[in-house]
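>>> Sequence and predicted structure are below.
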Amino acid sequence: MTIDTSHVIHPDHVVIHCQGSYEIESTLAAYARAFEIAESNHVNAVLFEALDLTGTPPTVMDRFTMGKYVSELYLTYGGKIRMAIVGSEPYIDPDRFGETVATNRGGDVGVFTSMTDALAWLDVKDPKATADRQ
């Protein structure tokens, strides 16, 4: 099984909701799609909500690959689209290794286990419109 996504466009951000069983290939494809949706809708913030993932958590190498890929996407899209990733442990690494990889390579990404913290980091104007999940 792979990750399925749906999205909701808000005036200042897009929410990508993910569900299904984690796998690296579909995660990378979902990241790319998130940036495409943000750019085509002229928003510069993505909330990548992965609270409903199941299956085997990412490996350290997966986390490295995801961080590197998000930084490449950030640069490909002109350094203007920020991404907050929200999930739960163990899908989110408590040490935020993937976030460190992305930011060390120039990406603008934050990784969170709290929807409220992610929305605050993105500086979303109306967080109540998005924060129906905590």
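Looks like it came in fine.
>>> Without its sequence neighbours, what residue ends up closest to Asp12?
Spatial nearest neighbour of Asp12, excluding adjacent residues (CB to CB, 6 or more residues apart in numbering): Lys125 at 5.2 Å. No exception for glycine: its C-beta is placed from N, CA and C like everyone else's.
>>> What strand or helix carries that neighbour?
If you go by DSSP states H and E, Lys125 is not part of any helix or strand.
>>> Buried residues in the lengthiest strand in the chain, which are they?
Across the chain, the strand with the greatest residue count (assigned by DSSP state E) is strand 45-54. Neighbour-count burial for strand 45-54 flags Ala45, Val46, Leu47, Phe48, Glu49, Ala50, Leu51, Leu53 (criterion: 16 or more other CB atoms under 10 Å).
>>> buried sites along the next helix or strand after that strand?
The helix or strand immediately downstream of strand 45-54 is helix 60-76, counting by DSSP H and E. Neighbour-count burial for helix 60-76, with 16+ other CB under 10 Å as criterion, is recorded at 62-74.
>>> same check, this time on stretch 83-103
83-87, 91-93, 96-103.
>>> quick one: which two of those residues are the most distant?
Greatest spatial distance in those: Tyr91 and Thr103, 19.0 Å, computed using CB to CB.
>>> which residues touch stretch 72-86?
If you take CB atoms under 8 Å, 6 or more residues apart in numbering as the criterion, stretch 72-86 is touched by 31-32, 34-35, 38-39, 43-51, 70, 92, 99, 102, 105-115, 118-119, 121-122.
>>> all helices in the protein, in order from the N-terminus.
Taking DSSP state H to define them, one finds helices in the chain at 24-40, 60-76, 97-104, 115-122.
>>> Could you export those helices as a markdown table, including mean pLDDT and distance to Ile3?
Output for the helices of the chain, formatted as a markdown table (pLDDT from 0 to 100; distance: least, CB to CB, whole Å):
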| stretch | mean pLDDT | distance to Ile3 |
| --- | --- | --- |
| helix 24-40 | 96 | 4 |
| helix 60-76 | 97 | 12 |
| helix 97-104 | 97 | 16 |
| helix 115-122 | 94 | 18 |
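>>> So which elements touch the longest strand of the chain?
Under the contact criterion of 3 or more CB pairs under 8 Å, 6 or more residues apart in numbering; DSSP states H and E, strand 45-54 touches strand 14-21, helix 24-40, strand 82-86, helix 115-122.
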